[in-house]
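J.: Coordinates only, no sequence provided:
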């Protein structure tokens, strides 16, 4: 896995941050992605769709594809910018929005770290 920071966002569906993060981490685990940690940054809206922004290391393309297939809108890096996939449409997202420094952030263990399930009430 490369060491560059990767920023992405996932639709929240008015769920708490921890619930959305659990969906992301469990999906990454199902795809056998070895993400050691994932940082939850902040929420933002694009039109009427609300997103939770994340930062991690390495590629998350497979993860975003799966989350989108599962019905969640996603924002990820594409080319030199960011693109939102929202209900069958694509649109450009401002890099300023995606790369902004978060006021408060929380770091969770990813599926590549030992005991990652414990933070979500697992074994």
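T.: That came through, no problem. Owing to the predicted nature of the structure, the values given are computational and were not obtained by experimental measurement. Residues are numbered from 1 along each chain as shown.
J.: What number of residues are in the vicinity of residue 68?
T.: Using other Cβ atoms under 10 Å, residue 68 has 18 neighbouring residues. To be clear about C-beta, it is placed using only N, CA and C from the backbone, and glycine gets the same treatment.
J.: so it sits right up against residue 74, yeah?
T.: Yes: between residue 68 and residue 74 a contact is recorded at 5.1 Å, counting by Cβ atoms under 8 Å.
J.: helices or strands next to the longest helix anywhere in the chain in the packing?
T.: If you go by DSSP state H, the chain has its longest helix at helix 17-30. Packed against helix 17-30 by the contact rule (3 or more Cβ pairs under 8 Å, 6 or more residues apart in numbering; DSSP states H and E) you find strand 5-11, strand 37-46, strand 49-57, helix 61-69, strand 106-109.
J.: Check which residues of it are buried.
T.: Residues 20-25, 27-29 are the ones in helix 17-30 that count as buried (16 or more other Cβ atoms under 10 Å).
J.: just stretch 55-73 next, same as before
T.: 55-60, 63-64, 66-68, 72-73.
J.: Take those residues and lay them out in CSV including pLDDT.
T.: What follows is those, written out as CSV (pLDDT from 0 to 100):
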residue, pLDDT
55, 96
56, 96
57, 93
58, 88
59, 91
60, 95
63, 97
64, 97
66, 97
67, 98
68, 97
72, 97
73, 97
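J.: how about those residues, which pair is most distant?
T.: Farthest pair in these (Cβ to Cβ) is 57 and 73. Separation: 23.2 Å.
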